[in-house]
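**Student:** A structural model of the following input is requested.
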Amino acid sequence: MITHDVALFAGGLSAKLATRSRHVCAFLGAGTSKACGLPDVATLQSRILSRLEGSQLIAFKRITSTRNLEQALTRLRRIQAVVEVDDVVDGLNGAQAIDLDASICRIIIDELTNVKADLEPVGRLAAWVARADYAKPVELFTVNYDTLLEQALESQGVPYFDGFIGTLKARFRTDMVEATSDDSDVWLPSFYARLWKLHGSVNWTWDTDASISQVLRLGSVIPAGALAAIFPSDAKYEESRRMPFVVLQDRMRRALNEPETLFLVSGYAWADEHLNELIFDAVARRPRSEVVAFCFAEIPPSLAEKALTAPNLQVITQQEAIIGGIRAPWSGPEKETTLPADIWENNRCNLGDFAALTTFLARSSSGPALVHSGGVSIEN
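**Tutor:** Residues are numbered from 1 along each chain as shown. Take a look at the predicted model:
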(Lines give C-alpha, C1' and ligand atoms only; values in the text may rest on other atoms or scores of the structure.)
Protein backbone atom coordinates (compact mmCIF):
# COMPACT_ATOMS: atom_id res chain seq x y z
CA MET A 1 0.00 0.00 0.00
CA ILE A 2 1.26 3.48 -0.87
CA THR A 3 1.63 5.86 2.06
CA HIS A 4 3.24 9.21 2.71
CA ASP A 5 5.97 9.25 5.35
CA VAL A 6 5.22 12.12 7.72
CA ALA A 7 8.85 12.33 8.89
CA LEU A 8 10.10 12.65 5.32
CA PHE A 9 7.57 15.36 4.56
CA ALA A 10 8.33 17.35 7.72
CA GLY A 11 12.05 17.03 7.13
CA GLY A 12 11.75 18.20 3.56
CA LEU A 13 9.65 21.18 4.56
CA SER A 14 12.09 22.10 7.31
CA ALA A 15 14.97 21.98 4.83
CA LYS A 16 13.13 24.23 2.39
CA LEU A 17 12.37 26.73 5.13
CA ALA A 18 16.06 26.79 6.02
CA THR A 19 17.10 27.80 2.49
CA ARG A 20 17.92 31.50 2.68
CA SER A 21 17.42 32.11 -1.05
CA ARG A 22 13.79 31.01 -0.87
CA HIS A 23 10.96 33.49 -1.31
CA VAL A 24 8.65 32.41 1.52
CA CYS A 25 5.01 33.48 1.81
CA ALA A 26 2.12 32.47 4.04
CA PHE A 27 -1.54 32.75 3.14
CA LEU A 28 -3.90 32.74 6.12
CA GLY A 29 -7.64 32.12 6.06
CA ALA A 30 -10.38 32.34 8.65
CA GLY A 31 -9.33 29.06 10.25
CA THR A 32 -6.18 30.71 11.57
CA SER A 33 -8.16 33.33 13.46
CA LYS A 34 -10.57 30.63 14.64
CA ALA A 35 -7.57 28.81 16.12
CA CYS A 36 -7.00 31.95 18.19
CA GLY A 37 -10.59 32.00 19.47
CA LEU A 38 -12.26 34.37 17.00
CA PRO A 39 -15.44 33.46 15.09
CA ASP A 40 -15.14 32.17 11.54
CA VAL A 41 -17.31 33.35 8.63
CA ALA A 42 -20.14 30.91 9.37
CA THR A 43 -20.25 31.93 13.02
CA LEU A 44 -20.19 35.60 12.10
CA GLN A 45 -23.15 35.06 9.80
CA SER A 46 -25.17 33.38 12.55
CA ARG A 47 -24.36 36.19 14.99
CA ILE A 48 -25.37 38.83 12.47
CA LEU A 49 -28.71 37.04 12.13
CA SER A 50 -29.16 37.16 15.90
CA ARG A 51 -28.41 40.89 16.12
CA LEU A 52 -30.19 42.41 13.12
CA GLU A 53 -33.80 43.47 13.54
CA GLY A 54 -36.87 44.34 11.53
CA SER A 55 -36.56 44.96 7.80
CA GLN A 56 -32.78 44.59 7.88
CA LEU A 57 -33.08 41.10 9.33
CA ILE A 58 -35.65 40.16 6.70
CA ALA A 59 -33.41 41.51 3.91
CA PHE A 60 -30.32 39.75 5.26
CA LYS A 61 -32.16 36.43 5.51
CA ARG A 62 -33.34 36.85 1.94
CA ILE A 63 -29.87 37.67 0.60
CA THR A 64 -28.15 34.87 2.52
CA SER A 65 -30.71 32.21 1.64
CA THR A 66 -28.44 31.19 -1.25
CA ARG A 67 -25.21 33.01 -0.30
CA ASN A 68 -22.65 33.04 2.48
CA LEU A 69 -21.72 36.21 4.37
CA GLU A 70 -19.02 37.40 1.98
CA GLN A 71 -21.20 36.73 -1.05
CA ALA A 72 -23.98 38.69 0.66
CA LEU A 73 -21.67 41.67 1.19
CA THR A 74 -20.67 41.52 -2.46
CA ARG A 75 -24.35 41.51 -3.43
CA LEU A 76 -25.04 44.58 -1.29
CA ARG A 77 -22.12 46.48 -2.87
CA ARG A 78 -23.43 45.61 -6.33
CA ILE A 79 -26.87 46.90 -5.42
CA GLN A 80 -25.35 50.15 -4.20
CA ALA A 81 -23.38 50.49 -7.42
CA VAL A 82 -26.12 49.93 -9.98
CA VAL A 83 -29.50 50.97 -8.60
CA GLU A 84 -31.05 54.33 -9.40
CA VAL A 85 -32.89 56.42 -6.81
CA ASP A 86 -36.23 54.64 -7.10
CA ASP A 87 -34.96 51.19 -8.11
CA VAL A 88 -35.37 48.18 -5.82
CA VAL A 89 -33.23 45.02 -5.99
CA ASP A 90 -33.67 42.13 -3.56
CA GLY A 91 -36.21 44.30 -1.76
CA LEU A 92 -33.63 47.08 -1.19
CA ASN A 93 -33.07 50.48 -2.70
CA GLY A 94 -29.62 52.05 -2.73
CA ALA A 95 -29.95 53.81 0.62
CA GLN A 96 -31.26 50.69 2.34
CA ALA A 97 -28.41 48.63 0.87
CA ILE A 98 -25.90 51.13 2.27
CA ASP A 99 -27.54 51.05 5.71
CA LEU A 100 -27.63 47.26 5.81
CA ASP A 101 -23.99 47.11 4.67
CA ALA A 102 -23.02 49.46 7.52
CA SER A 103 -25.00 47.46 10.08
CA ILE A 104 -23.41 44.18 9.02
CA CYS A 105 -19.92 45.65 9.10
CA ARG A 106 -20.52 47.12 12.54
CA ILE A 107 -21.57 43.74 13.91
CA ILE A 108 -18.55 42.08 12.30
CA ILE A 109 -16.24 44.61 13.92
CA ASP A 110 -17.90 44.16 17.32
CA GLU A 111 -17.65 40.38 17.10
CA LEU A 112 -13.99 40.45 16.10
CA THR A 113 -12.81 43.10 18.55
CA ASN A 114 -14.79 42.34 21.71
CA VAL A 115 -13.27 38.89 22.14
CA LYS A 116 -10.26 38.02 24.24
CA ALA A 117 -8.21 36.14 21.66
CA ASP A 118 -5.48 33.61 22.30
CA LEU A 119 -2.45 35.25 20.69
CA GLU A 120 -0.08 32.31 21.18
CA PRO A 121 -0.50 30.78 17.68
CA VAL A 122 -0.01 34.08 15.86
CA GLY A 123 2.73 34.95 18.34
CA ARG A 124 4.65 31.86 17.24
CA LEU A 125 4.11 32.83 13.61
CA ALA A 126 5.52 36.27 14.37
CA ALA A 127 8.47 34.69 16.19
CA TRP A 128 9.24 32.70 13.05
CA VAL A 129 9.04 35.88 10.93
CA ALA A 130 11.26 37.70 13.41
CA ARG A 131 14.02 35.11 13.06
CA ALA A 132 13.61 34.53 9.33
CA ASP A 133 16.70 35.64 7.47
CA TYR A 134 15.73 35.29 3.84
CA ALA A 135 17.18 37.28 0.97
CA LYS A 136 13.64 38.34 0.10
CA PRO A 137 11.05 39.64 2.59
CA VAL A 138 8.54 37.25 4.13
CA GLU A 139 5.09 38.08 2.77
CA LEU A 140 1.96 37.36 4.82
CA PHE A 141 -1.32 37.38 2.92
CA THR A 142 -4.61 37.15 4.79
CA VAL A 143 -8.32 37.41 4.07
CA ASN A 144 -9.09 37.99 7.75
CA TYR A 145 -10.44 41.35 8.92
CA ASP A 146 -9.09 41.18 12.49
CA THR A 147 -5.80 42.67 13.71
CA LEU A 148 -4.31 39.56 15.34
CA LEU A 149 -1.34 39.52 12.98
CA GLU A 150 -0.57 43.18 13.64
CA GLN A 151 -0.70 42.60 17.39
CA ALA A 152 1.57 39.55 17.12
CA LEU A 153 4.14 41.21 14.87
CA GLU A 154 4.32 44.26 17.11
CA SER A 155 4.62 42.14 20.24
CA GLN A 156 7.66 40.43 18.69
CA GLY A 157 9.16 43.72 17.54
CA VAL A 158 8.90 42.74 13.87
CA PRO A 159 9.00 45.73 11.49
CA TYR A 160 6.36 45.30 8.82
CA PHE A 161 4.71 47.18 5.97
CA ASP A 162 1.01 46.80 5.19
CA GLY A 163 0.70 49.14 2.23
CA PHE A 164 -0.16 52.22 4.30
CA ILE A 165 2.03 55.08 5.47
CA GLY A 166 1.03 56.93 8.63
CA THR A 167 -0.43 56.16 12.03
CA LEU A 168 -3.72 57.92 12.76
CA LYS A 169 -5.02 58.22 9.19
CA ALA A 170 -2.58 56.19 7.14
CA ARG A 171 -2.87 56.40 3.37
CA PHE A 172 -2.30 53.63 0.87
CA ARG A 173 0.91 53.77 -1.17
CA THR A 174 0.49 51.84 -4.38
CA ASP A 175 4.04 52.61 -5.51
CA MET A 176 5.52 51.02 -2.39
CA VAL A 177 3.31 47.95 -2.62
CA GLU A 178 4.29 47.39 -6.25
CA ALA A 179 7.98 48.16 -5.69
CA THR A 180 10.75 45.65 -6.34
CA SER A 181 14.33 45.63 -5.11
CA ASP A 182 15.26 47.62 -8.24
CA ASP A 183 13.12 50.54 -7.03
CA SER A 184 15.64 51.82 -4.52
CA ASP A 185 13.76 55.04 -3.80
CA VAL A 186 10.68 53.27 -2.35
CA TRP A 187 11.89 49.71 -1.64
CA LEU A 188 11.92 48.74 2.02
CA PRO A 189 14.65 46.39 3.31
CA SER A 190 14.02 42.66 3.35
CA PHE A 191 13.86 42.52 7.14
CA TYR A 192 10.56 44.40 6.90
CA ALA A 193 7.87 41.74 6.67
CA ARG A 194 5.02 42.46 4.28
CA LEU A 195 1.46 42.11 5.58
CA TRP A 196 -1.18 42.18 2.87
CA LYS A 197 -4.83 42.20 4.01
CA LEU A 198 -6.64 41.19 0.85
CA HIS A 199 -10.16 41.74 2.21
CA GLY A 200 -9.59 44.82 4.31
CA SER A 201 -9.58 45.25 8.07
CA VAL A 202 -11.61 46.38 11.06
CA ASN A 203 -9.49 49.54 11.11
CA TRP A 204 -9.90 50.40 7.42
CA THR A 205 -12.49 52.98 6.43
CA TRP A 206 -13.33 55.34 3.58
CA ASP A 207 -12.03 58.90 3.55
CA THR A 208 -15.30 60.77 3.06
CA ASP A 209 -13.56 64.16 3.15
CA ALA A 210 -11.42 63.51 0.09
CA SER A 211 -12.51 64.56 -3.39
CA ILE A 212 -11.73 61.05 -4.60
CA SER A 213 -12.87 58.25 -2.30
CA GLN A 214 -9.95 56.32 -0.86
CA VAL A 215 -9.22 53.88 1.93
CA LEU A 216 -7.62 54.96 5.19
CA ARG A 217 -6.07 52.73 7.83
CA LEU A 218 -6.89 54.23 11.22
CA GLY A 219 -4.86 53.94 14.38
CA SER A 220 -7.76 52.12 16.04
CA VAL A 221 -10.98 50.29 15.18
CA ILE A 222 -13.24 52.43 13.02
CA PRO A 223 -15.81 54.46 14.98
CA ALA A 224 -19.52 53.71 15.04
CA GLY A 225 -21.29 55.07 12.00
CA ALA A 226 -18.25 54.82 9.71
CA LEU A 227 -18.37 52.42 6.77
CA ALA A 228 -15.76 49.70 7.09
CA ALA A 229 -13.60 48.89 4.08
CA ILE A 230 -13.89 45.12 4.28
CA PHE A 231 -14.51 42.51 1.63
CA PRO A 232 -14.95 44.67 -1.49
CA SER A 233 -17.32 43.77 -4.26
CA ASP A 234 -15.85 42.32 -7.42
CA ALA A 235 -18.24 44.46 -9.45
CA LYS A 236 -16.41 47.03 -11.56
CA TYR A 237 -17.59 50.28 -10.02
CA GLU A 238 -15.78 53.46 -9.05
CA GLU A 239 -12.27 52.11 -9.53
CA SER A 240 -10.84 54.41 -6.85
CA ARG A 241 -12.91 52.57 -4.20
CA ARG A 242 -11.55 49.22 -5.30
CA MET A 243 -7.96 50.36 -5.80
CA PRO A 244 -6.28 49.03 -2.62
CA PHE A 245 -7.90 45.62 -3.02
CA VAL A 246 -6.97 45.33 -6.69
CA VAL A 247 -3.37 46.34 -5.96
CA LEU A 248 -3.06 43.86 -3.08
CA GLN A 249 -4.53 41.02 -5.11
CA ASP A 250 -2.05 41.81 -7.86
CA ARG A 251 0.72 41.78 -5.25
CA MET A 252 -0.29 38.21 -4.42
CA ARG A 253 -0.23 37.26 -8.09
CA ARG A 254 3.28 38.67 -8.51
CA ALA A 255 4.51 37.04 -5.29
CA LEU A 256 3.26 33.65 -6.48
CA ASN A 257 5.05 34.09 -9.79
CA GLU A 258 8.45 34.89 -8.31
CA PRO A 259 10.92 32.03 -8.89
CA GLU A 260 11.61 29.62 -6.02
CA THR A 261 8.56 30.69 -4.02
CA LEU A 262 7.40 28.56 -1.09
CA PHE A 263 3.75 29.46 -0.47
CA LEU A 264 2.23 28.05 2.73
CA VAL A 265 -1.57 28.07 3.02
CA SER A 266 -3.35 27.56 6.36
CA GLY A 267 -6.92 27.98 7.57
CA TYR A 268 -8.28 28.66 4.09
CA ALA A 269 -11.48 26.97 2.87
CA TRP A 270 -10.66 27.39 -0.84
CA ALA A 271 -14.03 29.03 -1.45
CA ASP A 272 -12.79 32.22 -3.17
CA GLU A 273 -12.53 31.42 -6.87
CA HIS A 274 -10.57 34.61 -7.65
CA LEU A 275 -7.81 33.75 -5.20
CA ASN A 276 -7.87 30.06 -6.10
CA GLU A 277 -7.29 30.99 -9.71
CA LEU A 278 -4.20 33.02 -8.78
CA ILE A 279 -2.72 30.09 -6.85
CA PHE A 280 -3.57 27.42 -9.41
CA ASP A 281 -2.26 29.54 -12.28
CA ALA A 282 1.06 30.05 -10.49
CA VAL A 283 1.33 26.32 -9.79
CA ALA A 284 0.98 25.65 -13.52
CA ARG A 285 3.31 28.45 -14.64
CA ARG A 286 6.07 28.08 -12.03
CA PRO A 287 6.99 24.38 -11.68
CA ARG A 288 10.00 25.19 -9.44
CA SER A 289 7.84 27.04 -6.94
CA GLU A 290 5.76 25.15 -4.40
CA VAL A 291 2.41 25.62 -2.70
CA VAL A 292 1.76 23.64 0.49
CA ALA A 293 -1.89 23.70 1.57
CA PHE A 294 -2.57 22.69 5.18
CA CYS A 295 -6.18 21.60 5.69
CA PHE A 296 -7.71 21.07 9.12
CA ALA A 297 -10.33 18.65 7.81
CA GLU A 298 -11.18 17.15 4.41
CA ILE A 299 -9.56 18.29 1.18
CA PRO A 300 -11.90 20.54 -0.86
CA PRO A 301 -12.69 18.83 -4.21
CA SER A 302 -11.35 21.67 -6.37
CA LEU A 303 -8.04 21.62 -4.47
CA ALA A 304 -7.76 17.83 -4.70
CA GLU A 305 -8.43 17.87 -8.43
CA LYS A 306 -5.65 20.38 -9.04
CA ALA A 307 -3.14 18.76 -6.65
CA LEU A 308 -3.50 15.36 -8.34
CA THR A 309 -2.11 16.84 -11.57
CA ALA A 310 0.38 19.36 -10.13
CA PRO A 311 3.37 17.88 -8.28
CA ASN A 312 4.34 21.30 -6.90
CA LEU A 313 1.00 21.62 -5.09
CA GLN A 314 0.98 19.58 -1.87
CA VAL A 315 -2.04 19.14 0.37
CA ILE A 316 -1.69 18.12 4.00
CA THR A 317 -4.48 16.89 6.29
CA GLN A 318 -4.57 14.93 9.52
CA GLN A 319 -5.24 11.55 7.91
CA GLU A 320 -3.93 11.84 4.36
CA ALA A 321 -1.95 13.98 1.94
CA ILE A 322 -1.51 14.65 -1.75
CA ILE A 323 2.21 14.83 -2.46
CA GLY A 324 3.75 14.53 -5.90
CA GLY A 325 0.30 14.04 -7.38
CA ILE A 326 -0.34 10.95 -5.22
CA ARG A 327 -3.18 10.86 -2.72
CA ALA A 328 -2.43 8.49 0.14
CA PRO A 329 -2.71 8.11 3.93
CA TRP A 330 0.13 8.96 6.28
CA SER A 331 2.55 6.54 7.81
CA GLY A 332 4.40 7.52 10.95
CA PRO A 333 7.35 6.20 12.94
CA GLU A 334 7.00 3.02 14.98
CA LYS A 335 7.42 5.10 18.14
CA GLU A 336 5.37 8.29 18.09
CA THR A 337 7.73 9.94 20.56
CA THR A 338 10.40 10.17 17.85
CA LEU A 339 8.51 13.12 16.33
CA PRO A 340 7.23 16.25 18.08
CA ALA A 341 3.50 16.29 18.81
CA ASP A 342 2.93 19.22 16.48
CA ILE A 343 3.96 16.93 13.60
CA TRP A 344 2.62 13.51 14.61
CA GLU A 345 0.40 12.39 17.47
CA ASN A 346 -2.15 9.58 17.84
CA ASN A 347 -1.45 8.40 14.28
CA ARG A 348 -2.39 11.81 12.96
CA CYS A 349 -0.45 14.61 11.26
CA ASN A 350 -1.21 17.77 13.21
CA LEU A 351 0.26 20.34 10.80
CA GLY A 352 -3.19 21.07 9.36
CA ASP A 353 -3.95 22.74 12.68
CA PHE A 354 -2.68 26.33 12.59
CA ALA A 355 -1.58 26.16 16.23
CA ALA A 356 0.58 23.11 15.51
CA LEU A 357 1.89 24.56 12.26
CA THR A 358 3.10 27.71 13.98
CA THR A 359 4.86 25.59 16.60
CA PHE A 360 6.65 23.79 13.78
CA LEU A 361 7.55 27.08 12.06
CA ALA A 362 8.84 28.70 15.24
CA ARG A 363 11.06 25.69 15.86
CA SER A 364 12.25 25.51 12.25
CA SER A 365 13.70 29.01 12.44
CA SER A 366 15.73 28.36 15.56
CA GLY A 367 17.09 24.84 15.19
CA PRO A 368 18.84 22.70 12.57
CA ALA A 369 16.77 21.46 9.67
CA LEU A 370 15.85 17.80 9.46
CA VAL A 371 17.90 16.01 6.87
CA HIS A 372 15.26 14.13 4.92
CA SER A 373 13.41 15.34 1.85
CA GLY A 374 10.75 13.39 0.09
CA GLY A 375 7.35 11.99 0.65
CA VAL A 376 6.27 8.53 -0.52
CA SER A 377 6.96 5.10 0.95
CA ILE A 378 5.66 1.69 -0.03
CA GLU A 379 4.33 -0.86 2.45
CA ASN A 380 3.64 -4.47 1.64
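
**Student:** do a quick rundown of the strands in the stretch 251-380 of the chain.
**Tutor:** Applying DSSP state E, counting those that start in this stretch to the stretch 251-380 of the chain gives strands spanning 261-266, 290-294, 313-316, 320-323, 326-331, 376-378.

**Student:** pipe those into JSON lines and attach mean pLDDT, distance to residue 89 and mean neighbour count per row.
**Tutor:** To be clear about C-beta, it is placed using only N, CA and C from the backbone, and glycine gets the same treatment. Formatted as JSON lines, these follow (pLDDT from 0 to 100; distance: least, C-beta to C-beta, whole Å; neighbours: other C-beta atoms under 10 Å):
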{"stretch": "strand 261-266", "mean pLDDT": "97", "distance to residue 89": "35", "mean neighbour count": "23"}
{"stretch": "strand 290-294", "mean pLDDT": "98", "distance to residue 89": "37", "mean neighbour count": "24"}
{"stretch": "strand 313-316", "mean pLDDT": "98", "distance to residue 89": "39", "mean neighbour count": "25"}
{"stretch": "strand 320-323", "mean pLDDT": "98", "distance to residue 89": "42", "mean neighbour count": "24"}
{"stretch": "strand 326-331", "mean pLDDT": "96", "distance to residue 89": "44", "mean neighbour count": "17"}
{"stretch": "strand 376-378", "mean pLDDT": "38", "distance to residue 89": "53", "mean neighbour count": "13"}
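
**Student:** tabulate the ones you listed (TSV), appending distance to residue 107.
**Tutor:** Below are the strands of the stretch 251-380 of the chain laid out as TSV (distance: least, C-beta to C-beta, whole Å):
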stretch	distance to residue 107
strand 261-266	26
strand 290-294	30
strand 313-316	34
strand 320-323	38
strand 326-331	40
strand 376-378	47
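
**Student:** so which of the ones you listed gets nearest residue 109?
**Tutor:** Smallest distance to residue 109 across the strands of the stretch 251-380 of the chain (C-beta to C-beta): 23.9 Å, for strand 261-266.

**Student:** so how far is the closest one from its chain's centroid?
**Tutor:** Relative to its parent chain, strand 261-266 has a centroid offset of 10 Å by C-alpha atoms, centre = their mean, to the nearest Å.

**Student:** over to stretch 61-75?
**Tutor:** For stretch 61-75, the distance to the chain centre is 21 Å (C-alpha atoms, centre = their mean).

**Student:** got the buried residues for that stretch?
**Tutor:** Within stretch 61-75, the residues scored as buried using 16 or more other C-beta atoms under 10 Å are 63-64, 69-70, 72-75.

**Student:** domain parsing for this protein?
**Tutor:** Split into domains by automatic domain parsing, the chain comes to 2-38+118-201+234-378, 41-113.

**Student:** how far out from the middle of the chain is the longest one?
**Tutor:** In this case it means domain 2-38+118-201+234-378. For domain 2-38+118-201+234-378, the distance to the chain centre is 8 Å (C-alpha atoms, centre = their mean).

**Student:** and after the helix or strand where residue 216 lies, which helix or strand comes next?
**Tutor:** For residue 216, the host element (DSSP states H and E) is strand 215-218. Downstream of strand 215-218, the next assigned helix or strand under DSSP H and E is strand 228-230.

**Student:** what packs against that next one?
**Tutor:** helix 94-113, strand 200-206 (3 or more C-beta pairs under 8 Å, 6 or more residues apart in numbering; DSSP states H and E).
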